[in-house]
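Visitor: predicted model follows, preceded by the sequence.
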Amino acid sequence: MPLAPDPGAGTTRIAHVGLAVQHVEALQPLLTGILGLPSVPLADSDGAKIVGYAAGDSLVELLEPVTPGTPIAKYMEKRGAGIHHICFAVADLDATLTKCRDAGIQVIDPEPRLGAEGKRVAFLHPKSTAGILIELSEY
């Protein structure tokens with residue numbers, strides 16, 4: 001029996017996990033040299049240098065703060081390095097955001113915006129998601 005359903009239309013999946021790090025280069029020997037993950041070019045966003053690595057059908061995003069006062073910089077000041085967020089890819093971001101609002105889930109981005117992968121994204125506030133920062137991305 002498979003652990004997860006086969007990907008297909010309408011299937012929500014993990015798109016990526018964002019890791020806040022002091023220096024993106026610090027994990028390169030592990031991710032590429034030992035684990036053999038290929039790098040994926042990503043655009044920097046929200047005051048963070050972003051480097052991606054393909055892990056199967058998902059990405060590991062390393063987020064290095066480069067501008068003070070930005071979301072990743074603030075996170076690092078409070079918590080240090082660690083898992084910053086998880087991103088779920090959904091088929092219809094607008095419909096998913098409507099369902100979130102209808103369920104009383106607080107959204108950070110009232111309207112979708114372009115994310116580091118050039119996809120439409122929106123974040124859900126940790127206050128209404130059991131303390132976890134969740135990003136939604138449209139595939």
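Guide: Okay, I see it.

Visitor: where are the low-confidence patches of this structure?
Guide: Low-confidence segments of the chain, defined by pLDDT under 70: 1-9.

Visitor: all helices of it, in order?
Guide: Secondary structure of the chain (DSSP state H): helices at 28, 71-79, 93-102.

Visitor: of those, which is nearest T129?
Guide: Ranking the helices of the chain by proximity to T129 (C-beta to C-beta) places helix 93-102 first, at 9.2 Å. Any C-beta I mention is one placed from the backbone N, CA and C, and that applies to glycine too.

Visitor: the closest one: how far from the chain's middle?
Guide: The chain centroid and the centroid of helix 93-102 are separated by 18 Å, computed with C-alpha atoms, centre = their mean, to the nearest Å.

Visitor: now do that helix: which elements does it pack against?
Guide: strand 120-124, strand 134-138 (3 or more C-beta pairs under 8 Å, 6 or more residues apart in numbering; DSSP states H and E).
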